[in-house]
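Chemist: Please work out how this folds:
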Amino acid sequence: MISTSELNICIKENLFDMIPMTIAVIDNNFNIVHANNLFKETFGQWENKKCHEVYKKRDSLCDDCKGSQAFKDGISKKNQEAGYDKNGVLTRYIKHTIPVADENNNIHFLVEMSIDITQTEKIRKEHQLLFDQVPCCILVIDKNFKIVRTNQQFKNTFSPVKGEYCYKSLKGLDTQCSDCISKASFDDGQMHTGHHTWKTAEGKDVHFQITTVPLESEDGKPEFVMEMAVDLTKTRQLEKEKLEAERLAAVGQTVAGLAHGVKNLITSLEGGMYMLSSGMKKSDIERIGKGMEILNRNVGRVSTFVREFLEFSKGREISVAKCDPGKIVEEVVTSYATKAAQCDISLENKTKNKIASAPMDFETILECLTNLVGNAIDACQMSENKGNCFVHVKVYEVDDVINFKVTDNGCGMDYDVKNKVFTNFFTTKGTGGTGLGLLTSKKIIQEHGGTIDLKSEPGQGSTFKISLPRKRLPQLK
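Modeler: The predicted structure follows:
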């Protein structure tokens, strides 16, 4: 067993070579007078050489020599430097310079200990390059929601905001955002996504899809949150322009259909006028009554036709506010309760759980459901299953997607009809419909960032489902 004295001698004689750092002893003439084996392996021969010759491969003292400063003030130094190894390859290291004083407090030597950080610095620079050049805005915030770091893309878009509150700098608010997803990441330590509108340095509103990532500390709890924001402004504009182009194309197609429909209406009106005129000439009261009936019916069709066409073509902007999806279902069911009862149809609200409020246009979504429920009641009236028909309406949420569903066991639709229900001027109601109701509903759903789907079988009924992802709903203004 080794004794304590032997251990002390071993450490004293081998300490330089046991420490995993390059170590060199420098005199006040900057000559290297001693060094460990790792120093020699890294920087090569050092005997009878000055420190700047070995470290930097230069003939004169370094411009900002920390050793010179340490000889003067007697204070240890720590700094990051770059030099060349024995093969002339650039190397980076953190150097600790420690003055060694004698009994009179005179400094004749320095001990320089260096840790190689070449690879670490290379990785850091690669990460910094990725952080700055990634095509999205990145910021890191602390638990007080102060911005502590941003990437170059963020700096190019927004004013310097380091140290400021994110909600103040990016939204002009005095308090934390009510729908803050960073707070959610701080609370549960999970990633979250959402949509926000931020203001640029020029005061321009920019729409972002934001993903928050918690950055954990040693205790496993989030100490910071990184927000990665992808600019959706151009995408949303393109979607809006595409939707408008589709609407205008549909309007054009509908105008062609309208001309054909108006021609049919005129033919019917001419028939009514003939019946009325001939009845008056012959003093035939019954014929006059039939003529008036035809005229009244077709004048009503003209009024309905033109009104629905104008509502579809005008493309009014939706009015967004926080709405309770359950209230929309309640109102639709209440509105149709009397008609359903008169038709001996069971109309029920099958909603089970309350849905959190969401930004949408209450009136237009109500219009969509009104169209669907009205169509479902009509389908039940056309069914052979009279007396046992039902219409069920409900709203539910799955994975942040709000779903409205209208189900009936009416007459159903075959393959050809299903493929035409969302096209211009198509109706299954004969003279009672214009074919614009479902087309208008589809347009409204698209303006809310959602989709509408149909499942139907002849003689078994139909199910319409409106799906509205929360992350695609229009923003509150």
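Chemist: isn't residue 450 right up against residue 469?
Modeler: Yes. Between residue 450 and residue 469 there is a contact under Cβ atoms under 8 Å: 6.9 Å. Yep, even glycine has a C-beta here, placed from its N, CA and C like the rest.
Chemist: Give me the more crowded residue out of these two.
Modeler: Each of residue 450 and residue 469 has its neighbours counted (other Cβ atoms under 10 Å); residue 450 has more, 22 against 14.
Chemist: Which residue, other than its chain neighbours, is closest to that one?
Modeler: Spatial nearest neighbour of residue 450, excluding adjacent residues (Cβ to Cβ, 6 or more residues apart in numbering): residue 468 at 3.9 Å.
Chemist: which residues does that neighbour contact?
Modeler: Each residue near residue 468 by Cβ atoms under 8 Å, 6 or more residues apart in numbering is listed here: 358, 360, 401, 402, 403, 404, 445, 448, 449, 450.
Chemist: try 6 Å
Modeler: For residue 468, the contacting residues are 402, 448, 450, by Cβ atoms under 6 Å, 6 or more residues apart in numbering.
Chemist: residues shared between the contacts of residue 450 and residue 469?
Modeler: By Cβ under 6 Å, 6+ apart, no residue touches both residue 450 and residue 469.
Chemist: got a pLDDT number for residue 220?
Modeler: Listed pLDDT for residue 220 reads 75.
Chemist: Tell me how far it lies from residue 157.
Modeler: Distance of residue 220 to residue 157, given as Cβ to Cβ, to the nearest Å: 33 Å.
Chemist: What's opposite residue 228 in the beta bridge?
Modeler: Going by DSSP bridges, residue 228 is paired in beta bridges with residue 138, residue 211.
Chemist: What is the burial count for it?
Modeler: A count of neighbours around residue 228, defined by other Cβ under 10 Å, yields 18.
Chemist: got the contact list for it?
Modeler: Residue 228 neighbours (Cβ under 6 Å, 6+ apart): 136, 138, 211.
Chemist: Could you do residue 16 as well?
Modeler: So residue 16 contacts 23, 36 (Cβ under 6 Å, 6+ apart).
Chemist: Helix or strand for it, just tell me which one.
Modeler: Using DSSP states H and E, residue 16 sits in helix 4-18.
Chemist: after that helix, next one along is what?
Modeler: Assignment by DSSP H and E places the next element after helix 4-18 at strand 22-27.
Chemist: Give me the helices and strands touching that following strand, please.
Modeler: strand 32-35, helix 37-43, strand 107-116 (3 or more Cβ pairs under 6 Å, 6 or more residues apart in numbering; DSSP states H and E).
Chemist: Quick one: closest of those to residue 204.
Modeler: Nearest of these to residue 204, taken as Cβ to Cβ: strand 107-116 at 47.2 Å.
Chemist: Would you mark the buried spots in the helix or strand following the closest one?
Modeler: Counting by DSSP H and E, the next helix or strand C-terminal to strand 107-116 is helix 118-133. For helix 118-133, a neighbour-count test (16 or more other Cβ atoms under 10 Å) marks 121, 131 as buried.
Chemist: now swap in stretch 51-64 and tell me
Modeler: Across stretch 51-64, burial judged by 16+ other Cβ under 10 Å covers 51, 52, 53, 54, 55, 56, 62.
Chemist: same thing with stretch 37-45?
Modeler: The neighbour-count check on stretch 37-45 (16+ other Cβ under 10 Å) flags 38, 39, 40, 42, 43 as buried.
Chemist: Same check on stretch 443-454?
Modeler: Within stretch 443-454, the residues scored as buried using 16+ other Cβ under 10 Å are 443, 444, 445, 446, 447, 448, 449, 450, 452, 454.
Chemist: picking up where we left off before, any idea how far the helix or strand hosting the residue nearest to residue 450 is from the chain center?
Modeler: Per DSSP H and E: residue 468 is located in strand 461-469. The chain centroid and the centroid of strand 461-469 are separated by 24 Å under Cα atoms, centre = their mean, to the nearest Å.
Chemist: Tell me where the model's unsure across the stretch 201-350 of the chain.
Modeler: Within the stretch 201-350 of the chain, the ranges that satisfy pLDDT under 70 run 247, 250-265, 267-268, 301, 304-305, 307-317.
Chemist: That one: helices as residue ranges?
Modeler: 233-282, 285-313, 325-342 (DSSP state H, counting those that start in this stretch).
Chemist: Same list, those helices, but as a markdown table with distance to residue 193 and mean neighbour count please.
Modeler: Listed next are the helices of the stretch 201-350 of the chain as a markdown table, based on distance: least, Cβ to Cβ, whole Å; neighbours: other Cβ atoms under 10 Å:
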| stretch | distance to residue 193 | mean neighbour count |
| --- | --- | --- |
| helix 233-282 | 15 | 14 |
| helix 285-313 | 34 | 15 |
| helix 325-342 | 21 | 17 |
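Chemist: who touches the residue nearest the centre of the chain in this structure?
Modeler: Nearest to the geometric centre of the chain sits residue 209, at 2.8 Å (Cα atoms, centre = their mean). By Cβ under 6 Å, 6+ apart, residue 209 lies in contact with 195, 230, 232.
Chemist: Could you rerun that using 10 Å?
Modeler: Shown in contact with residue 209 (Cβ atoms under 10 Å, 6 or more residues apart in numbering): 136, 193-196, 228-232, 235, 471-472.
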